[in-house]
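[1] Got a predicted model here, sequence first, then my questions.
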Amino acid sequence: MHTAAHAFVKALEHEGVAYCFAVPGEENLDVLEAFRTSRITLITTRHEQSAAFMAATIGRLTGKPGMVMTTLGPGATNLVTAAAYATLGAMPLFMLTGQKPIKVSKQGHFQIISVVDIMKPITKYTRQIVSAASIPSRVREAFRVATEERPGAVHLELPEDIAAEKIGELPLFPNNTIRRPAAEPKAIAEAVKMIREAARPLIVIGAGANRKRVSKSLREFVDKTGIPFCSTQMGKGVVDEHHPLSLGCTALSSGDFVHKAISYADCIINIGHDVVEKPPFLMRHDGAKVIHVNFNSAAVDDVYFPHWEVVGDIGNAVWQLTESVEPQTHWDFSLMMREKEKLDAHIARDAGLPDFPIRPSRFVADIRAAVPNDGMVCLDNGMYKLWFARQYKTYESQTLLLDNALATMGAGLPSGMGAKMAYPDKPVVVVTGDGGFLMNVHELETAVRLALDLTIVVLRDNGYGMIKWKQEASTFQSFGLDFGNPDMVALAESFGAKAYRVESTDSFLPLLKDCIQKKGVHVIDVPIDYADNVRVLTNELPRLVS
Ligand SMILES: Cc1ncc(C[n+]2csc(CCOP(=O)(O)OP(=O)(O)O)c2C)c(N)n1
Ligand SMILES: [Mg+2]
């Protein structure tokens, strides 16, 4: 007879789980045994946090929950950051944790904390399984909730005595494809009227538009109407940023050319807005009219209170708008387009700077030159994220994976590993700071063991550069943000990776191209000069964008 753990793993197979990332504990042993003969691939990692970052990335890219398994207590608490990352970032993630026996236990409170309570504020659903018979329905419900808009993390706890129970075959529940409801025609009609009557409409693309298949319909909307667009950091790439009507990304909170372009709009078609991202524009009561197009109605906020809402499947809503909105002769985009020209010229100006250590604009330009159009760049969190969001033009949706929701350090390398597993044929480059890299550097061992083809570029400024920028820009004295580094090349080589130190700026691009072509894990140690953070972003831009 099978155990409840077998029933659990069968339910996971039924949900289409391909990988389970795990640091197992003794409370997981029955489940581990069930995985041994399952078609799900178990991937042992070196930390629970990084395991869950990998799983969340699989969820983010496939739309189906990625899975992580840990033990109780310390294994479960190590999931906290990644659960928050998935929930704030709207990534479907399924977490399974073990627990001591709940029926009879002779172990006191050893390692026991209420994991379900810990998970409450950072998940959409968290339950302890108290009877084997409820496994199929609990698993189905967890996967349904994790996947449904807005997606996020869910958690089940399986105590070891329940997992070990002998049971017969349990029937599984249908895993239906659910069609999302379409926006109501009256909602569309009013939006069409507002867009037609505007003088300078503008499309703003947010994180929600980057989750589902919206790219094609949005591209058609832009092409047919000729309305310019810009995006938030997590909306990058939904429409090719090389498009002549692309006004850029709201990488900085304010004060860039793109913000100036937005200020000219009198009607903003705000597609897939997500309040977790810093607002791409601040609404004013006497400002532009805003049309909210999203899966759900708008969460009202001091800076966000749209005038009209088109609620329903975004792709369908955009298709309906495309059907009805014709280009209007009274629309005038000339002021917006002038800001685009200035932005493009500003980005191009520093793209070829020869200085060593490399400067941020040159670094971003070199990465863009090396990575093919469909190749993926996965960022950790640090100063370079702003430079990438501002200056790395994406061709396709989900080709620049960044986290502008929890914005946690440490997710760069694991997210790159998850991306490579989700898309084995696409080149994947991780860009991380020296701070963030060392937060999950141990996963180099997992990457080498899995024989992933992955290039990791480590930007070395010997400090927490992003915070140093804010410290300097706020005119604080330099204090408390510098650190030393190990020899990155020796460190990476000790894990079995190939490693290189960049000693001239011109050598970086050919080296990167070469690593992307080759098999295996490659780590490139790149010293960076961050003086442009203050020089360009803090001091120069406000002068230029007046
Ligand atoms: C887990 C976590 N801790 C702290 C922060 C705050 N923080 C944001 S960026 C940053 C510095 C990142 O340093 P590094 O990885 O070296 O990148 P750099 O900015 O130097 O390029 C810090 C400390 C964070 N976002 N996440
Ligand atoms: Mg750094």
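    Right, received. Where do you want to start? Ligands and ions are numbered 1, 2, ... in the order given.
[2] all contacts plus neighbour counts: C-alpha atoms, from now on.
    Fine.
[3] Domain ranges for this protein, per the record?
    The chain breaks down into these domains under automatic domain parsing: 2-167, 185-339, 350-545.
[4] to the chain's geometric centre, what's the distance from the first one?
    Put plainly, it is domain 2-167. Here the centre of domain 2-167 is set off from its chain's centre by 21 Å, with C-alpha atoms, centre = their mean, to the nearest Å.
[5] Next one: it, is it in contact with ligand 1?
    No: for domain 2-167, no contact with ligand 1 is found by C-alpha under 6 Å from any ligand atom; the gap never falls below 7.9 Å.
[6] just the second one next, same as before
    No: applying C-alpha under 6 Å from any ligand atom, one finds domain 185-339 separated from ligand 1 by no less than 13.9 Å.
[7] Show me what the mean pLDDT comes to for that domain.
    Averaging pLDDT along domain 185-339 gives 95.
[8] coming back round to it: so can I have CSV of the domains of the chain showing mean neighbour count?
    Converted to CSV, these look like this (neighbours: other C-alpha atoms under 10 Å):
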stretch, mean neighbour count
domain 2-167, 22
domain 185-339, 20
domain 350-545, 20
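[9] Please convert those domains to JSON lines, extending it with distance to ligand 2.
    Below are the domains of the chain laid out as JSON lines (distance: least, C-alpha to the ion, whole Å):
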{"stretch": "domain 2-167", "distance to ligand 2": "20"}
{"stretch": "domain 185-339", "distance to ligand 2": "19"}
{"stretch": "domain 350-545", "distance to ligand 2": "4"}
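[10] I'd like these as CSV, with distance to Thr177 appended.
    Formatted as CSV, those follow (distance: least, C-alpha to C-alpha, whole Å):
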stretch, distance to Thr177
domain 2-167, 10
domain 185-339, 14
domain 350-545, 21
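[11] Which of the three states applies to whichever residue of the stretch 1-150 of the chain sits closest to ligand 1?
    Closest to ligand 1 within the stretch 1-150 of the chain is Thr81: 7.9 Å, counting by C-alpha to the nearest ligand atom. Put simply, Thr81 is helix when judged by DSSP: H, G, I helix; E, B strand; the rest coil.
[12] That one reaches Gln49, doesn't it?
    Yes: contact criterion C-alpha atoms under 8 Å: Thr81 and Gln49 qualify, at 6.9 Å.
[13] beta partners for Ile205?
    Beta-bridge partners recorded for Ile205 (DSSP bridges): Ser231, Ile271.
[14] Let me see the contact set for it.
    By C-alpha atoms under 8 Å, 6 or more residues apart in numbering, the contact set of Ile205 is Phe229, Cys230, Ser231, Thr232, Gly235, Lys236, Val238, Asn270, Ile271, Gly272, His273.
[15] ok, 7 Å please
    Contact analysis of Ile205 by C-alpha atoms under 7 Å, 6 or more residues apart in numbering lists Cys230, Ser231, Thr232, Gly235, Asn270, Ile271, Gly272.
[16] can you pull the contacts of the fourth one?
    In other words, Gly235. Going by C-alpha under 7 Å, 6+ apart, Gly235 touches Ile205, Gly206, Ala207, Ala209, Asn210.
[17] repeat that for 8 Å
    Ile205, Gly206, Ala207, Gly208, Ala209, Asn210.
[18] and if you look at the second one?
    Contacts were defined as C-alpha under 8 Å, 6+ apart; by that measure Ser231 touches Val204, Ile205, Gly206, Gly248, Cys249, Thr250, Pro280.
[19] Max pairwise distance over the residues you listed: which two?
    Maximum pairwise distance in the contacts of Ser231, criterion C-alpha to C-alpha, is 12.5 Å, between Gly206 and Gly248.
[20] residues in the stretch 351-500 of the chain within reach of ligand 1, list them.
    381-384, 407-409, 433-436, 461, 463-467.
[21] Out of those, which sit inside strands?
    Among these, the residues falling in strands (DSSP state E) are Gly433.
[22] how much space between Glu339 and Ile40?
    Note on Glu339: its distance to Ile40, by C-alpha to C-alpha, to the nearest Å, is 51 Å.
[23] next one: Cys249
    Separation of Cys249 from Ile40 (C-alpha to C-alpha): 39 Å.
[24] which one is Thr446 nearest to, not counting chain neighbours?
    Using C-alpha to C-alpha, 6 or more residues apart in numbering and skipping residues adjacent in sequence, the residue nearest Thr446 is Thr45, 6.0 Å away.
[25] residues in contact with that neighbour?
    Counted by C-alpha under 8 Å, 6+ apart, Thr45 has contacts Phe21, Ala22, Val23, Ala51, Glu443, Thr446.
[26] Now do the fifth one, the pLDDT please.
    In this prediction, Glu443 carries a pLDDT score of 98.
[27] before we move on, what about the second one?
    According to the prediction, Ala22 has pLDDT 98.
[28] Helix or strand for it, just tell me which one.
    Secondary structure assigned from DSSP states H and E places Ala22 in strand 19-23.
[29] what helices or strands is that strand leaning on?
    If contacts are counted by 3 or more C-alpha pairs under 8 Å, 6 or more residues apart in numbering; DSSP states H and E, strand 19-23 sits against strand 41-44, helix 48-62, strand 66-70.
[30] ok, 10 Å please
    The elements that strand 19-23 packs onto, with contact taken as 3 or more C-alpha pairs under 10 Å, 6 or more residues apart in numbering; DSSP states H and E, are strand 41-44, helix 48-62, strand 66-70, strand 93-99, helix 412-422.
[31] who touches that strand?
    By C-alpha atoms under 10 Å, 6 or more residues apart in numbering, the list of residues contacting strand 19-23 from outside reads 12-13, 28, 32, 35, 39-55, 58, 66-71, 75, 94-97, 418, 421-422.
[32] Swap in 8 Å and give it another go.
    Contacts of strand 19-23 (C-alpha under 8 Å, 6+ apart): 40-48, 51-52, 54-55, 66-71, 75.
[33] Okay, and the beta partners of Leu379?
    Val431.
[34] Please verify my assumption that it contacts Gln398.
    No: the criterion here is C-alpha under 8 Å, and Leu379 misses it with Gln398 at 11.9 Å.
[35] Can you give the contact residues for stretch 372-384?
    For stretch 372-384, contacts defined as C-alpha under 8 Å, 6+ apart pick out 360, 371, 385, 394-396, 398-403, 407-413, 415-416, 419, 426-433, 436-437, 464-466, 469.
[36] picking that back up, okay, the angle between the strand holding Ala22 and helix 48-62?
    Angle, strand 19-23 to helix 48-62, by axes from the mean of the first three to the mean of the last three C-alpha atoms, to 10 degrees: 170 degrees.
[37] Tell me what angle the next helix-or-strand element following strand 19-23 forms with strand 66-70.
    Sequence order places helix 29-36 as the next helix or strand after strand 19-23, per DSSP H and E. If you take the same axes, to 10 degrees, helix 29-36 sits at 140 degrees to strand 66-70.
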